[in-house]
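> output the structure for:
(3 chains, ligands or ions: 4)
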Amino acid sequence: MPDNILEVKNLTKWFPLRRGIWQFLRGQQRYARAVDGVSFVIERGEILGLIGESGCGKTTTGKLIMKLMEASSGEIIFNGENVTHLRRPELQKYRRSVQMIFQDPYASMNPRFKIRSVLQEPIVIHSLGRSYNEREAMITKALEEVKLMPATDFMSRFPHMLSGGQRQRAATARALILTPSMLVADEPVSMIDLSTRAEILQMMKTLHKELNLTYLYITHDLSTARYFTDRIAVMYLGKIVEIGAAEDVVEKPGHPYTRALIEAVCEPVTGKLDLIKHLPIKEGEIPSPANIPKGCRFHTRCIHAKPECWEQAEPDLIEIGNKHKVACRRYNEIK
Amino acid sequence: MSAQDLTYWLKDFWNEFKKVPSGIIGVVILLLALAIVFFEHQILPFPDGNTRWRDITYWDDNPKSAPPVWTNIFRSKKLATSARLALGEKKMNAMEGLQCVEQTFDYDYQFDSPPLDIIIRVKGKSSVLLVIKLARPDNFGVELLQAQFDFLGDEEKRLSLDSDARKSLPDFLSQFAAPEAVRTIDPSTIVPTRVLFAKTQDILTNPQPLKGKYRFTVTAILMQEDSKIHDTSIVISGSTAGLLGTDSGKRDIFTGIIAGTKWALLLGILTALISVGIGVVYGVVSAYFGGVVDTIMSRVFEIFVSVPLLPVLIVMSAVFKPSIWVLILMMCCFFWTGPVKTVRSMALQLKEETYIEATRALGGSHLRLIFKHMVPILIPYSFASMALSVPSAIVYEATISLIGLGDATIVTWGQILHDALTGGAVLSSIWWWVIPPGLMISLMGMTFAFIGFAMDKILHPKLRTR
Amino acid sequence: MTNVLEVNNLKLYYYTSKGVVRALDDITFSLQEGETLGIVGESGCGKTTAGLALLNMPMPPGKIAGGQIIIDGQDIVPLAEKEMRRHVRWQKIAMVFQGAMNCLTPVFTIGKLMMETMLEHKTMKKEEAWHIIEKYLGYVGLPAGVTKRYPHELSGGMKQRVVIAMALFMNPKVVVFDEPTTALDVIVQCQILNLIKKLKLEKALLSCIFITHDLATEAEVANRIMVMYGGKIAEIGTNQQIYSERAAHPYTKKLLAATPRLHQKVDHLSFIPGAPPDLLAPPTGCRFHLRCEVAMGKCSAQEPPLIEIEPDHKVACWKVGYKE
Ligand SMILES: Nc1ncnc2c1ncn2[C@@H]1O[C@H](COP(=O)(O)OP(=O)(O)OP(=O)(O)O)[C@@H](O)[C@H]1O
Ligand SMILES: Nc1ncnc2c1ncn2[C@@H]1O[C@H](COP(=O)(O)OP(=O)(O)OP(=O)(O)O)[C@@H](O)[C@H]1O
Ligand SMILES: [Mg+2]
Ligand SMILES: [Mg+2]
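Ligands and ions are numbered 1, 2, ... in the order given. The predicted structure follows:
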């Protein structure tokens, strides 16, 4: 088996925008380029964090990998096999290897299903287990893996009878029943209470070790990413602008955008009252993915931008050391 | 949902519902209607009227086009009401070696206008000699009939005063009037009930009612060893009848109304259930697949919505001569459009729910998503639309029946109205034939409309006044 | 410094069909002029309920079951709804509701929305209202042009700014912010926090109550922090006391330990096992004792009172401030 469990090559997803009557008549079509040429690899057993502000295309990337939508172009290679345009029944097989945990634990389970039915769903869909007992055993095992014990007690509950953290565990259990080798976790803790957030991350880490899972961890919260991930990819407006080991990215950020993200993080320490934080980023509106700036896509908000940034072509990711790559032409000058 | 949650939900729902008075009225009337259906057999004055509505012989004993009994309250001259006389005594005695059965029936006559007719029904076996006598409060007696009957098998004989007792009248009358006067009168012009229940004075020229207790005695002499008599009954065919009167076919309208209730409910609720079921699935499928499928399905929906329903239903009924079940199906073909719009827009939202996406990520099929996840959630939201399509189903059935295209094997309110129309109820001002079915149709419509609006208010809180 | 707001023994219960939810149970605190009080706690501990209670507008089936809310020397609990609306709500105390930015009516432009809110509060000429709207949009750092746009055309941060501007219209003395930064990404979150800080610098007498579940955000804005647990106050202390390892209540300590920090790589974050108490039937004694590592016999038997352990620092815990 290849070292890289997942390889994403130049992945794009363009959403067609609604056309006005004139554009329609002229046959023009504009697109929101939500994901605009994303490439990265995830090694087996690694946790990659995908970070960026709202609307930069993180969820879309996750859904593309999950095959919940069709990519506009590019390739997704899973275990050496191109899965970009997979259809049933191969798709069903792929779904058993890659699963997803969603952001909102309050919405990711049908409110009318008991936890047992929720967990039964993947079993029924994939016709796993030969007997009733075997299925029950699978459900129990999955619930115990995520530390929802006693399992029988939780099985007969409805989602609304669980706390946010417990629901997220149940959602994880549902994904684990299919024994996937990779999990896409889309902001799994952003809607969970601070007091239990750490617990969920801890559990996910334990699973990572015990089941040898690989994670794509999507978030906008750098502090949990620092804690949870091995590597971090920073995304801006549909493209990855920096990627490297979590430590490197947080402590030695190369891209001005990453710096702004780090600067913006709040920390529970005293003495910051009435201090206005000056983010190294221009205020004003974020460009929309329908109208991505020419040249370096960040130049409109970059405080270091020079004419070369918007006059020359978009910078590629350049290695600045130890697999740490940055897509900034002037990273050296602005250190 | 667990039982406990359900009870809480119901409790909350009921708490909300209580705040809508029209909804409460609706529920009360609906419960009454259900009670009527449930206890139909106890309520029906003519237990077989339900199945034998169009069987003329069944209604023979009733007066024709008689107003309801309670109209007497508003009359100075009380009209005799229809009644079935209770069996008073039954005596068996032997007479010259023959068995003899004597049965008495008491009739308390307190009216100003005599009944139209009196009908005696006897069941028997083999050869029987029947003697029917009437004892009047003034101690005069009349032998109404004496005749021998040969019953074939377990046959029933129907004797009516009007046709079978005329022969005895001259003898009776001649006791009080001059025999010549009696003889000159054409017996066919004498109305038996008028003279039998009249004071002896001026009995021929101007009979006045003689109020008091009358007694019919039916004596049966069993002529043969195996002769038998049983189930004797006497029915007074008054000039007022029943709670709601009778129609020109002598049918008891109250029976028709009660028997029609269950059909109205069945037809209304079944149509609503089926059509809303179809509508919900249609809306969900349309929203779920989106794109071209949605466009096509929306067009089809629009076509169905814009079809003028009544003319189409009339034409279809004329062609198919539908039974009630076919009629229900026909209505479902058009009624399903009701919930589609709301359901489609809600399904469009629901489609974006994370758990739908999560199931897709698990590999769930379209069928699973539609029927296991979306439809069950949207069903409660269509309750209101369901309640609202009940009245239209009832009204459409009534309309189709009204023009005579309904199911001829049952009785519905619409058909009673139809009969009233063709029977000239309006011309001869038989109002009691027209108003009750009309009222019931609108009442039932209103009931479900009330319930529907109340549910709509609760289930679609957007309409709630803030 | 004078207190603009004083809350004494406030109780707010929800009378549901399942029973009485004691969402606020005997709460006492005060707010000084120009101060920001942060309310933190887990989901369901009664933070939003506290905010709504301060405006005397409990969400049905909730009712204020006792206590006083003194704003500007006047107890507003007994005031009639009409009175509240005319003289107190929005004029003296205003609130930015949780998730309000997602509840802007999508069919109206921002200008129309703001105008309506404005005219609802006070009768004035349209021109005058426009003037005020533009002024307040300036305060929250939005160009006047946004009045012509629809809510869905604005980003989350811009919508939040619009909502904040709307709360400020009547120039209230106290503004309650209910989770204004939750669900926003870090950059926008930082900008909103900056905005609130700026507002306070510009309007020196503005007092705020800042509700959130994130202790890290609270550190940026709140002069004093009130930690709530299960409808009760667990601890109140100044920013310094809480964040410089002098937090006293075990719950506060646990919460702080569970907050991840960016520049410290830790292998193990601590967390609080178990779930917050069901306010329909809260546990006896200290409400935290079931999840507390240092709980002792007394904790489950008797409820600890809120006592002052040092100036400005109050804690409700049998382990703190008592001799064994
Ligand atoms: N189905 C869709 N149709 C059209 N545009 C879409 C669709 N889904 C997403 N987008 C657009 O694509 C862009 C990226 O969205 P995405 O949800 O991936 O962002 P995100 O990084 O996950 O943001 P968040 O942190 O808010 O979750 C957004 O501008 C969004 O408006
Ligand atoms: N309308 C209501 N009816 C009944 N109970 C309610 C109602 N609103 C809130 N509650 C209950 O009151 C308690 C406090 O709720 P509140 O919304 O104040 O919590 P919160 O601290 O703001 O939580 P969150 O962080 O989730 O916003 C909870 O237990 C909740 O279940
Ligand atoms: Mg997202
Ligand atoms: Mg809240």
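> and the worst-scoring helix or strand of chain A on mean pLDDT, is it in reach of chain B?
Lowest on mean pLDDT, DSSP states H and E among the helices and strands of chain A sits helix A:21-25, with a mean of 81. No: judged by Cβ under 8 Å from any Cβ of the partner chain, helix A:21-25 stays clear of chain B, getting no closer than 15.6 Å. Quick note: C-beta positions are derived from backbone N, CA and C, even for glycine.
> just the CA atoms of the helix or strand just after that helix, as PDB, please.
Once helix A:21-25 ends, the next helix or strand along the chain (criterion: DSSP states H and E) is strand A:31-43. The C-alpha trace of strand A:31-43 is given here as PDB (Å, rounded to 0.1, in the frame of the first residue of the first chain):
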ATOM      1  CA  TYR A  31     -18.800  30.700 -11.200                       C
ATOM      2  CA  ALA A  32     -18.100  30.900  -7.500                       C
ATOM      3  CA  ARG A  33     -14.800  29.200  -7.300                       C
ATOM      4  CA  ALA A  34     -15.200  27.700  -3.800                       C
ATOM      5  CA  VAL A  35     -12.300  25.300  -4.200                       C
ATOM      6  CA  ASP A  36      -9.800  26.600  -6.800                       C
ATOM      7  CA  GLY A  37      -6.900  24.200  -7.300                       C
ATOM      8  CA  VAL A  38      -6.200  22.500  -4.000                       C
ATOM      9  CA  SER A  39      -3.400  19.900  -3.700                       C
ATOM     10  CA  PHE A  40      -2.200  18.100  -0.700                       C
ATOM     11  CA  VAL A  41      -1.300  14.700   0.500                       C
ATOM     12  CA  ILE A  42      -2.200  12.900   3.700                       C
ATOM     13  CA  GLU A  43       0.100  10.200   4.900                       C
END
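> centre of the chain to the least confident helix or strand of chain A, how far?
Counting by Cα atoms, centre = their mean, to the nearest Å, helix A:21-25 is centred 36 Å from the centre of its parent chain.
> quick check: the residue in chain C that ligand 1 sits nearest to vs ligand 2, distance?
Residue nearest to ligand 1 within chain C (Cβ to the nearest ligand atom): C:Asp185, separated by 5.9 Å. Distance, C:Asp185 to ligand 2, using Cβ to the nearest ligand atom, to the nearest Å: 19 Å.
> how much space between that residue and A:Ser181?
Per Cβ to Cβ, to the nearest Å, C:Asp185 is found 30 Å from A:Ser181.
> which residues touch the closest residue to C:Glu218 other than its chain neighbours?
Distances taken as Cβ to Cβ, 6 or more residues apart in numbering or on different chains place C:Gly38 nearest to C:Glu218, at 4.1 Å, with adjacent residues excluded. Contacts for C:Gly38 (Cβ atoms under 8 Å, 6 or more residues apart in numbering or on different chains) come out as C:Ile209, C:Phe210, C:Ile211, C:Thr212, C:Glu218, C:Val221, C:Ala222, C:Arg224, C:Ile225, C:Met226.
> so what does the last one have for phi and psi?
What it means is C:Met226. Note on C:Met226: its backbone torsions stand at phi -120, psi 120 [degrees, to the nearest 10].
> residue contacts, it?
Residues near C:Met226 by Cβ under 8 Å, 6+ apart: C:Phe29, C:Leu37, C:Gly38, C:Ile39, C:Val40, C:Ile233, C:Glu235, C:Ile236.
> tell me, how many residues neighbour the residue of chain C closest to ligand 1?
Per other Cβ atoms under 10 Å in any protein chain shown, the neighbour tally for C:Asp185 reads 23.
> biggest helix in the chain by residues?
I went with chain A, as the question did not name one. When chain A is parsed with DSSP state H, its longest helix is helix A:194-210.
> switch to chain B, please.
As assigned by DSSP H, the longest helix anywhere in chain B is helix B:253-289.
> end-to-end on stretch A:76-93?
Using Cα to Cα, to the nearest Å, the end-to-end distance of stretch A:76-93 comes out at 15 Å.
> and stretch A:244-252, anywhere near chain C?
Yes: contact between stretch A:244-252 and chain C is present through A:Glu247, A:Val250, A:Glu251 (criterion: Cβ under 8 Å from any Cβ).
> and the residue nearest the centre of chain C?
C:Ile211 (2.9 Å; Cα atoms, centre = their mean).
> output stretch B:6-14 as CSV - backbone C-alpha positions only.
C-alpha atoms of stretch B:6-14 as CSV (Å, rounded to 0.1, in the frame of the first residue of the first chain):
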residue,chain,number,x,y,z
LEU,B,6,-45.2,11.6,23.0
THR,B,7,-47.4,12.4,26.0
TYR,B,8,-45.4,15.6,26.6
TRP,B,9,-45.7,16.5,23.0
LEU,B,10,-49.4,15.8,23.0
LYS,B,11,-49.8,17.8,26.2
ASP,B,12,-48.0,20.8,24.8
PHE,B,13,-50.0,20.4,21.5
TRP,B,14,-53.2,20.3,23.5
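> mind checking the pLDDT average for it?
The average pLDDT within stretch B:6-14 is 79.
> please apply the same query to stretch C:232-244.
93.
> cool, stretch C:53-72 as well?
91.
> got the residues of the stretch 151-300 of chain A near ligand 1?
A:His220, A:Pro289 (Cβ under 6 Å from any ligand atom).
> and if we set it to 8 Å?
Counting by Cβ under 8 Å from any ligand atom, the stretch 151-300 of chain A comes close to ligand 1 at A:Asp186, A:Glu187, A:Ile218, A:His220, A:Met235, A:Gly238, A:Ser288, A:Pro289.
> and which of those is nearest ligand 2?
Ligand 2 lies nearest to A:Glu187 out of those, by Cβ to the nearest ligand atom, at 17.1 Å.
> that older thread, does ligand 2 sit close to the longest helix of chain A?
No: counting by Cβ under 8 Å from any ligand atom, no contacts exist between helix A:194-210 and ligand 2, the nearest distance being 10.2 Å.
> how about residues contacting that helix?
With contacts defined as Cβ under 8 Å, 6+ apart, helix A:194-210 is touched by A:45, A:47, A:145-147, A:163-165, A:168-169, A:172, A:176, A:185, A:188-189, A:192, A:213, A:215, A:224, A:227-228, C:42, C:213-215, C:254-255, C:258-260, C:268-273.
> what are the bridge partners for the residue nearest to C:Glu218, then?
Residues in a beta bridge with C:Gly38, per DSSP bridges, are C:Phe210, C:Ile225.
> how about the residues of the stretch 1-150 of chain A near chain C?
A:Glu53, A:Ser54, A:Gly55.
> chain neighbours aside, what residue packs nearest to the second one?
In space, and not counting its chain neighbours, A:Ser54 is closest to C:Asp185: 4.4 Å by Cβ to Cβ, 6+ apart.
> which ones are touching A:Thr152?
Contacts of A:Thr152 by Cβ under 8 Å, 6+ apart are A:Thr140.
> what's the distance between the helix or strand where it lies and the middle of its chain?
In this structure, A:Thr152 is located in helix A:151-155 according to DSSP H and E. On the basis of Cα atoms, centre = their mean, helix A:151-155 sits 30 Å off its chain's mean C-alpha point.
> where's the residue nearest to C:Glu218 relative to C:Asp178, distance?
From C:Gly38 to C:Asp178 the distance is 12 Å (Cβ to Cβ).
> how far away is C:Met158 from C:Gly141?
9 Å.
> just to revisit the earlier point, now tell me what touches the helix or strand that comes right after the longest helix of chain A from outside.
Downstream of helix A:194-210, the first helix or strand assigned by DSSP H and E is strand A:214-219. With Cβ under 8 Å, 6+ apart as the test, strand A:214-219 has contacts from A:5-6, A:42-51, A:58-59, A:61-62, A:65, A:181-190, A:204, A:208, A:225, A:228-229.
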